[in-house]
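Trainee: 3D model of this:
(chains A and B)
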Amino acid sequence: VRQYLARRLLLLVPVLMGVSIVVFMVLHLSPGDPAEIMLGSAATKEDLARLRLEMGLTEPLHVQYVRWMGHVLRGDLGRSLWMKRPVLGEVLERFKATLVLAGSALVLSTLGGMTLGVLSATRPDSILDRTSTVVSLFGASMPVFWLGIVLMVVFSLWLGWLPASGMWAPYGGGDFRDLVLHLVLPAVTLAAASLTIIARLTRSTMLEVLGQDYIRTARAKGLVEGRVVVRHGLKNALIPIVTVVGVQAGYLLGGAVLTETVFAWPGVGTLMVQGILARDFPLVQGCVLVVALGFVLVNLAVDLLYAYLDPRIRYD
Amino acid sequence: MRIRRVLVWPATILLALGLLMGSAAAQAPGTLVVGLVAEPVNLDPAQVTDANSNRVGRRVVETLVAFPDESTQLIPGLAESWVISKDGLQYTFTLRKGITFHDGTPLNAEAVKFSIMRQIDSNHPANKLGNYPFANYFFGNVRTVEALSEDRVALLLKEPRASFLAILTAPAASIVSPTAALKWGTDYANHPVGTGPFRFASWDRGQRVVLERNPNYWRGPVKLERVIFRPIVEDQARLTELLTGSLDLMVGVPADYVAQLEQNPKVSVLKQVGAHVWYLGMNSQKKPFDDKRVRQALNYAVNKEAIVRDVLKDTGTPSAGPVLPKTWAADPTLKPYPYDPARAKKLLAEAGFPNGFSTTMWVPESGSGMQSPVAMATVMQSNLKAVGVNATLQTMEWGAFLAKLRSREQDLFALSWMAGSEDPDMVMYPLLHSSQWTPNGPNRALYKNARFDMLLEQGRQTTDQAKRAQLYREAQRILAEDAPWVFTDHEIQTAALAKRVQGFKLHPSFDLRVETVSLK
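Mentor: The predicted structure is shown next:
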């Protein structure tokens, strides 16, 4: 396993390199640059030229890329063109907030999805099953920003139960309770789509597993139904579920961008949107690298989890 | 059944949530919470080009020349008086005495010199500490700055320019503490130090910028103890926060919500027309727009009133030209082109296009001061179609749009301008003088009229305001006749406030002067 881990970690390098090249090219080749946006409609040729020179944008792209990469390899993601702050500190600070949000959403969607899926599978065609099918369809097809706004209108504006935006109260607050209150709406919004996917998958896998011979055997042994479902059924249904949860974890990291924007969550998503609009190249590149790193690490963790769940899988 | 246990969890979570919830946002006395549409990026106004950074940054620093709270007329700011030399090349300012920056550094002539020279002198020790995007635009005409004594400073110009005092009200003309700027270096943008009514306290990224009252403010301390600026991009979130009492004031009320909010007893809505103009430019050097009659025809064809009423929901007022109505230079006889499609058709026929023609219209998806560009352009497109002009709409992202306009290949293009001041030189010269043709300047309609050019040049060199008004009024009449743009509207800014906010006014320069606020 150690060898496998080493190999996988080594593979991170080309993956992140690839990501860095793609991001760099997409950003630099898309029309409009930071000088253009800074000067806006007052731009003159001379001012554009001066600003581009000051910001190091006049050199050939490959030279810019190599210089940037050189800094990145030494752990320096450069300075934001607009904010003048070091990108690494800025991104890591914001990434913490994203992790809190995406992590809560992951826990919520996994626990909720599996619970719903198991319940539906044990009572196919019951009212609960049908309701969950309809809700799932709804949940999977609702755009994140729409759901977020609906929840906000209902729970903040009408009922006044939960704060509408931000991570902490503007003043006062600052304790765990404050955080949880602010977390509920964005976490539910972000989790909704994943939850329904996990629920549907759990249901179908469970139905299949529960039809197996060994389940009949377990029942025939006279085991309590709950034990049959959880020990014998769910554990064997877990592998596809874990795969999907892994994929969803990545999706949640990326999907946080929209949710964060709707709820003014101070994560890396809002930072990235701000950076893209301003063409803040080093900032966006830094954000993408950190998110990509998080994504591949989650995938690695999922692969390692397989072996634990299914002893037949070996890494050699 | 053991599965029932599973149900216990959601119930427990719900219960726990119920216990957590239920307290409405407590409002702190003396603290004003402001909702911005985007996060400030940089708090050094000399480096700033976006409205939200200025809304915060300008609370901390001040300028030599200032605006009163309700207009863009000029009044003394950090300078108590000034003398302009006969040739218009030397502006000598006498500073108010006894003012110190928030870090204790005295405000003196050296500080003024530092603040301007760091932007224009590439050998200045602070020149490389930031990018100063508008250094050349505002101060390209400044030869040098001389500290004559502790409290007297002279700004020497290369050419006379009557709008120079108005330029000195710009964010870039803010006077900063040299001690702080050198101490923080590149990071000064995150630690601004000025003389303003508020001093910088803290900045939690993505969450809030906090400013605190400056107890030694030279005009006397303001009533608020603290202002918290929160970036909330999503309109509905900002609105909800205001209506639930978590925000006291928000700018940029979406046009569609204005009417609804005006009915709401919890909040009040303020409106104020700003020094802004939105126009549909026509490339005067390109057929068929090189014919004045075609350009006039388009002005008659577009229904400005409908755009302002239906698209902008009265957050704009139809314009007759670039100059803000009711300011000293505006020509009161000038009226917006009326909506008259029959007249438009007649003019097109006279110009040789009885069956109209086809053309393209470039429109940015969004952009600073652009209001609702795509919706507005879509109405224009259908207005033009009604008189036989088939305009293909090409929408572009803001940065890409600006880049494309430098090609000089545009036919029709939607653009706007925020002058920040009522001085006509700050809008007419850059946008319409022939020396400013794109890509060398912002004249993207490639407009040229010799008489008009001369009037603008004289307007720059004349110091007497009454004489300048005469020159600019004639220029505006020429412009209305030549019609290089479809003159569209001046934006009406909106803000919504909680009832406890007293004494707030929107400023025509788009500045956000929360220093006038007191809380009930």
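Trainee: going by proximity to chain B, name the top residue of chain A.
Mentor: Using CB to the nearest CB, the single residue of chain A nearest to chain B is A:Gly32, 1.9 Å away. Yep, even glycine has a C-beta here, placed from its N, CA and C like the rest.
Trainee: helix, strand or coil: sort out that residue for me.
Mentor: Here A:Gly32 takes the coil state, with states given by DSSP: H, G, I helix; E, B strand; the rest coil.
Trainee: correct me, but it touches B:Ala400?
Mentor: Yes. When contacts are counted by CB atoms under 8 Å, A:Gly32 is listed as touching B:Ala400 (4.7 Å).
Trainee: where does the chain dip in pLDDT?
Mentor: This is for chain A. Within chain A, the stretches falling below the threshold (pLDDT under 70) are A:313-316.
Trainee: wrong one, I was asking about chain B
Mentor: Under the criterion pLDDT under 70, the flagged ranges of chain B are B:1-27.
Trainee: now it against chain A: closest residue?
Mentor: The minimum distance from chain B to chain A, using CB to the nearest CB, falls at B:Gly399 (1.9 Å).
Trainee: kindly export the one helix or strand that residue maps to (C-alpha atoms) in PDB.
Mentor: Secondary-structure assignment from DSSP states H and E places B:Gly399 in helix B:398-405. Output in PDB follows, covering the C-alpha atoms of helix B:398-405 (Å, rounded to 0.1, in the frame of the first residue of the first chain):
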ATOM      1  CA  TRP B 398     -16.600  43.700 -20.700                       C
ATOM      2  CA  GLY B 399     -12.900  43.200 -21.000                       C
ATOM      3  CA  ALA B 400     -13.300  41.700 -24.500                       C
ATOM      4  CA  PHE B 401     -15.600  44.400 -25.500                       C
ATOM      5  CA  LEU B 402     -13.200  47.200 -24.500                       C
ATOM      6  CA  ALA B 403     -10.400  45.500 -26.400                       C
ATOM      7  CA  LYS B 404     -12.500  45.200 -29.500                       C
ATOM      8  CA  LEU B 405     -13.500  48.900 -29.500                       C
END
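Trainee: neighbouring contacts of that helix?
Mentor: A:30-33, A:36-37, A:40-41, A:43, A:279, B:362-368, B:370, B:396, B:410, B:413, B:415, B:438, B:444 (CB atoms under 8 Å, 6 or more residues apart in numbering or on different chains).
Trainee: which secondary structure elements does the helix or strand following that helix contact?
Mentor: Next helix or strand after helix B:398-405 toward the C-terminus (DSSP H and E): strand B:412-418. Using 3 or more CB pairs under 8 Å, 6 or more residues apart in numbering or on different chains; DSSP states H and E as the contact definition, the elements that strand B:412-418 packs against are strand B:276-282, strand B:357-364, helix B:373-386, helix B:398-405, helix B:425-432.
Trainee: tilt between the helix or strand following the first one and strand B:412-418?
Mentor: So that's strand B:276-282. If you walk from strand B:276-282 toward the C-terminus, the next helix or strand you reach (DSSP H and E) is helix B:292-301. Using axes from the mean of the first three to the mean of the last three CA atoms, to 10 degrees, the interaxial angle of helix B:292-301 with respect to strand B:412-418 works out to 70 degrees.
Trainee: alpha carbons only: can I get helix B:292-301 in PDB?
Mentor: Output for helix B:292-301, consisting of C-alpha atoms alone and laid out as PDB, is shown next (Å, rounded to 0.1, in the frame of the first residue of the first chain):
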ATOM      1  CA  LYS B 292     -25.200  63.300 -40.100                       C
ATOM      2  CA  ARG B 293     -28.800  62.500 -41.200                       C
ATOM      3  CA  VAL B 294     -28.300  58.800 -40.500                       C
ATOM      4  CA  ARG B 295     -27.100  59.600 -37.000                       C
ATOM      5  CA  GLN B 296     -29.900  62.000 -36.300                       C
ATOM      6  CA  ALA B 297     -32.400  59.400 -37.700                       C
ATOM      7  CA  LEU B 298     -31.200  56.900 -35.100                       C
ATOM      8  CA  ASN B 299     -31.700  59.400 -32.400                       C
ATOM      9  CA  TYR B 300     -35.300  59.900 -33.500                       C
ATOM     10  CA  ALA B 301     -35.800  56.200 -33.900                       C
END
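Trainee: ok, and what's touching that helix?
Mentor: B:280, B:282, B:284, B:288-289, B:337-341, B:343-345, B:347-348, B:350-351, B:353, B:383-384, B:386-387, B:389, B:412, B:481-484, B:486-487.
Trainee: go with 6 Å
Mentor: Residues from elsewhere that reach helix B:292-301, judged by CB atoms under 6 Å, 6 or more residues apart in numbering or on different chains: B:282, B:288-289, B:337, B:340-341, B:343-344, B:347-348, B:350-351, B:383-384, B:387, B:483, B:486.
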